[in-house]
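Engineer: just need the structure, nothing else, for what follows:
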Amino acid sequence: MNGTRVEALSAGYAGGRPAPRHETKSKMQDSVATIVVWSLAMLGLSALGVIIVAILWRGLATALNPAFIFGEPQAMKAGGGIWPMIVSSFYLAALTIVISLPIGVGAAIYMAEFAKEGKITKLVRFGADSLSTVPSIVYGIFGMMLFVVYFGFGYSLIAGALTLTILNLPTVMRTSEEALKAVPDSYREASMGLGANRWYTVKKVILPCAVPGITTGAILTIGRIIGESAAIIYTVGIFVKKIPLSPLAPGAPMSANIWHMYTEGALVPDWLRVASGEAAFLLLVVLALNLLARLVSWLYRRKTRTSDRFA
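Structural biologist: This next block holds a predicted model:
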């Protein structure tokens with residue numbers, strides 16, 4: 001009799017009675033928080049979408065014109081192109097990556113795999129994170145005083161590359177360190193258990209697994225280099241008519257030339273066409289680089305999974 005009564009009460013509670021008050025309140029708060037988060041996310045995406053559409057709307061037709069892409073810029077008449085600016089941007093990005101990537105990845109390997117945790121490592125990480133928040137114009141003024149004036153490089157690609165190396169080194173180091181730390185410890189233990197030393201483990205096991213994360217950090221660096229303007233205005237240059245060949249030659253990356261056209265390009269009759277087309281082309285380049293990075297990372301992971309399957 002008592003057992004039947006308990007079962008009946010349990011069935012009635014589960015089927016007909018309302019949930020406790022605190023559960024209802026928690027569900028309501030969760031629903032409100034979800035709506036707020038999604039609304040803010042959609043607002044941010046909408047603002048980004050409006051900016052992208054506006055840039056492409058004003059300059060896409062010009063940006064896809066081969067005569068504009070491969071043309072020589074004009075200082076006093078209409079009809080100029082941006083080919084020297086495109087070459088300057090990629091030249092500067094290549095120089096910066098060649099300098100910053102080995103230093104940043106090497107520092108990350110030491111911090112993640114060899115350095116003992118303590119006050120010094122915490123101080124280094126705090127310094128790197130703090131340097132990442134410094135405005136880029138500060139780096140530009142510092143690079144101008146150090147590389148342009150003190151070392152006598154003048155306005156040149158190498159002066160801009162060294163300045164951008166200082167600017168992006170904390171980002172490269174921290175993203176590479178996080179990629180190395182994301183590799184499971186079981187990989188390290190298995191390699192050392194088979195008799196490999198620490199450096200062999202890092203070289204043959206840890207680094208290959210961390211390549212997608214390091215690649216992401218490198219792509220972020222390239223995107224920041226190509227889109228940077230404040231730091232290179234004071235070190236590289238804002239306008240050139242010829243393609244720079246030497247690292248000691250001045251250049252005019254696209255972002256700096258866009259700033260020049262919008263602020264000091266009044267002598268060019270069609271400055272708005274040039275600035276809008278160059279901005280659209282720069283946006284397409286950045287989007288293409290990000291898509292390429294994702295494709296490379298996906299292919300690498302797919303290759304790794306296939307190798308593990310048939311190993």
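Engineer: which SSE is immediately downstream of the stretch of helix or strand Ile120 belongs to?
Structural biologist: Using DSSP states H and E, the element containing Ile120 is helix 119-131. The helix or strand immediately downstream of helix 119-131 is helix 136-143, counting by DSSP H and E.
Engineer: touching that following helix from outside, list them.
Structural biologist: 159-160, 162-164, 166-167, 228, 230-235 (Cβ atoms under 8 Å, 6 or more residues apart in numbering). In short, each C-beta sits where N, CA and C put it, glycine included.
Engineer: what's near enough to touch Pro250?
Structural biologist: Counting by Cβ under 8 Å, 6+ apart, Pro250 touches 154-157, 236-237, 240, 244.
Engineer: count of residues packed around Ile35?
Structural biologist: When neighbours are defined as other Cβ atoms under 10 Å, Ile35 has 10 of them.
Engineer: by neighbour count, which of the contacts of helix 136-143 wins?
Structural biologist: Gly160 (35 neighbours).
Engineer: in three-state terms, label it for me.
Structural biologist: Here Gly160 takes the helix state, with states given by DSSP: H, G, I helix; E, B strand; the rest coil.
Engineer: separation between it and Ser88?
Structural biologist: Distance of Gly160 to Ser88, given as Cβ to Cβ, to the nearest Å: 9 Å.
Engineer: now do the shared contacts for those two.
Structural biologist: Between them, Gly160 and Ser88 share the contacting residues 236, 251, 253, judged by Cβ under 8 Å, 6+ apart.
Engineer: which residue, other than its chain neighbours, is closest to the first one?
Structural biologist: Leaving aside its sequence neighbours, Val236 sits nearest to Gly160 (Cβ to Cβ, 6 or more residues apart in numbering; 3.6 Å).
Engineer: could you do the second one as well?
Structural biologist: Nearest residue to Gly251 in three dimensions, chain neighbours excluded: Ser88, at 3.5 Å (Cβ to Cβ, 6+ apart).
Engineer: state the helix or strand in which the residue nearest the centre of the chain lies.
Structural biologist: When Cα atoms, centre = their mean is applied to the chain, the residue found nearest the centroid is Leu220 (1.8 Å). Using DSSP H and E, the element containing Leu220 is helix 207-227.
Engineer: ok, Phe281 next?
Structural biologist: Counting by DSSP H and E, Phe281 is found in helix 271-309.
Engineer: residue ranges with poor pLDDT in the protein?
Structural biologist: Residue ranges of the chain with pLDDT under 70: 1-22, 25, 265-266, 301, 303-311.
Engineer: again, only this time at 50
Structural biologist: Counting by pLDDT under 50, the chain has low-confidence residues at 1, 6, 8-16, 309-311.
Engineer: before we move on, back to that, including neighbour count and secondary structure, could the contacts of Pro250 go into JSON lines?
Structural biologist: JSON lines is the format used below for these (neighbours: other Cβ atoms under 10 Å; DSSP: H, G, I helix; E, B strand; the rest coil):
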{"residue": "Gly154", "neighbour count": "15", "secondary structure": "coil"}
{"residue": "Tyr155", "neighbour count": "21", "secondary structure": "coil"}
{"residue": "Ser156", "neighbour count": "22", "secondary structure": "coil"}
{"residue": "Leu157", "neighbour count": "27", "secondary structure": "helix"}
{"residue": "Val236", "neighbour count": "32", "secondary structure": "coil"}
{"residue": "Gly237", "neighbour count": "24", "secondary structure": "coil"}
{"residue": "Val240", "neighbour count": "20", "secondary structure": "coil"}
{"residue": "Pro244", "neighbour count": "20", "secondary structure": "coil"}
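Engineer: tell me the one among those nearest to Thr215.
Structural biologist: Closest approach to Thr215 among the contacts of Pro250 (Cβ to Cβ): Leu157, at 24.1 Å.
Engineer: doesn't Phe90 make contact with that closest one?
Structural biologist: No. With contacts counted by Cβ atoms under 8 Å, Leu157 stays clear of Phe90, the gap being 10.8 Å.
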